[in-house]
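Peer 1: based on what follows, work out the 3D shape:
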Amino acid sequence: VRAFVKIQDGCSFSCAFCVIPLVRGGTRSRTAQAVLGEIRRRAGQGHREIVLTGVNLGCFRDRETGYTLARLVREAGAIEGVERLRLSSIEINHVTDDLVAALRETPTVSRHLHVPLQSGDDGVLAAMGRRYRIAEYLAKLAPLRDFNLTTDVIVGFPTEDDAAFGRTLDGVARAGITKVHVFPYSPRPGTRTAADDPVPVEVKRERSARL
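Peer 2: Coordinates of the predicted model:
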């Protein structure tokens with residue numbers, strides 16, 4: 001009953017821990033018409049739930065026809081046979097007023113967003129190469145407090161100490177997160193932090209359990 005429709009691939013940002021730009025290249029999008037055509041096809045096959053997927057969904061653009069993710073959501077959600085539309089994941093930088101309006105205006109959109117946090121500490125976020133601070137994350141989620149909000153967090157990043165981890169616990173609580181996908185940090189060859197892994201395994205386990 002559920003179909004996953006890929007609308008975008010790759011990433012042009014360079015988080016310190018991530019190999020996606022190395023292995024999948026820069027961001028690129030399918031055309032809106034190709035995406036909408038696939039959704040019509042899937043709905044015709046009996047799929048009632050459509051999940052829009054991509055490495056960095058908010059980077060979806062079809063510049064030739066003027067489509068943003070918000071416009072795509074509105075049109076995809078209106079296709080006959082689609083009873084539920086979901087976004088697989090969205091970066092907080094791409095939670096714009098227009099996207100929030102599209103999510104609210106489209107009756108078939110599931111009231112759920114998965115918005116990666118990675119850390120609730122501004123220093124760790126900066127070391128990770130993330131492009132926001134915890135205050136921005138919380139402010140952008142504030143209009144969506146009636147949504148079910150889930151997230152990803154990395155524990156044991158090289159610059160994370162006990163105080164930084166405590167701020168992550170606080171940030172998750174303040175955001176009203178209902179589920180956290182917890183990932184103990186592990187170095188990846190080719191990334192900026194490939195040679196850094198100072199947090200002991202037992203500390204990562206303990207922080208994972210607490211979170």
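Peer 1: C-alpha only now, for contacts and for neighbours.
Peer 2: Will do.
Peer 1: am I right that Glu38 is in a strand?
Peer 2: No: under DSSP: H, G, I helix; E, B strand; the rest coil, Glu38 falls outside any strand and is assigned helix.
Peer 1: okay, and the beta partners of the closest residue to it other than its chain neighbours?
Peer 2: Closest residue in space to Glu38, ignoring its immediate chain neighbours: Val5 at 7.4 Å, by Cα to Cα, 6 or more residues apart in numbering. Counting by DSSP bridges, Val5 is bridged to Leu52.
Peer 1: cool, the one 4 residues further on as well?
Peer 2: Under the criterion DSSP bridges, Asp9 forms beta bridges with Arg28.
Peer 1: for it, give me the pLDDT.
Peer 2: Asp9 is assigned a pLDDT of 96 by the prediction.
Peer 1: report the contact partners of it.
Peer 2: Applying Cα atoms under 8 Å, 6 or more residues apart in numbering to Asp9 gives the contacts Arg24, Gly26, Thr27, Arg28, Ser29, Gly54, Val55, Asn56.
Peer 1: kindly recompute the last result at 6 Å.
Peer 2: Listed by Cα atoms under 6 Å, 6 or more residues apart in numbering, the contact set of Asp9 reads Thr27, Arg28, Gly54, Val55.
Peer 1: circling back to that earlier point, burial of the residue nearest to Glu38, as a residue count?
Peer 2: Using other Cα atoms under 10 Å, the number of residues around Val5 comes to 18.
Peer 1: which strand is the longest one in this protein?
Peer 2: Criterion DSSP state E: the longest strand present in the chain is strand 148-155.
Peer 1: after that strand, which helix or strand is next?
Peer 2: helix 162-175 (DSSP states H and E).
Peer 1: elements contacting that following helix?
Peer 2: Of the remaining helices and strands, none touches helix 162-175 by 3 or more Cα pairs under 6 Å, 6 or more residues apart in numbering; DSSP states H and E.
Peer 1: so how far is that helix off the chain centroid?
Peer 2: Distance of helix 162-175 from its chain centroid, counting by Cα atoms, centre = their mean, to the nearest Å, is 19 Å.
Peer 1: what do you get for stretch 185-195?
Peer 2: That offset, for stretch 185-195, works out to 21 Å (Cα atoms, centre = their mean).
Peer 1: send me the lowest-mean-pLDDT helix or strand in the chain as CSV with only the CA atoms.
Peer 2: Sorted by mean pLDDT, DSSP states H and E, the helices and strands of the chain end with helix 20-24, the least confident at a mean of 88. Taking C-alpha atoms only, helix 20-24 is exported to CSV below (Å, rounded to 0.1, in the frame of the first residue of the first chain):
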residue,chain,number,x,y,z
ILE,A,20,27.3,11.2,0.9
PRO,A,21,28.8,14.0,-1.2
LEU,A,22,31.7,11.7,-2.0
VAL,A,23,29.7,8.7,-2.9
ARG,A,24,26.6,10.2,-4.4
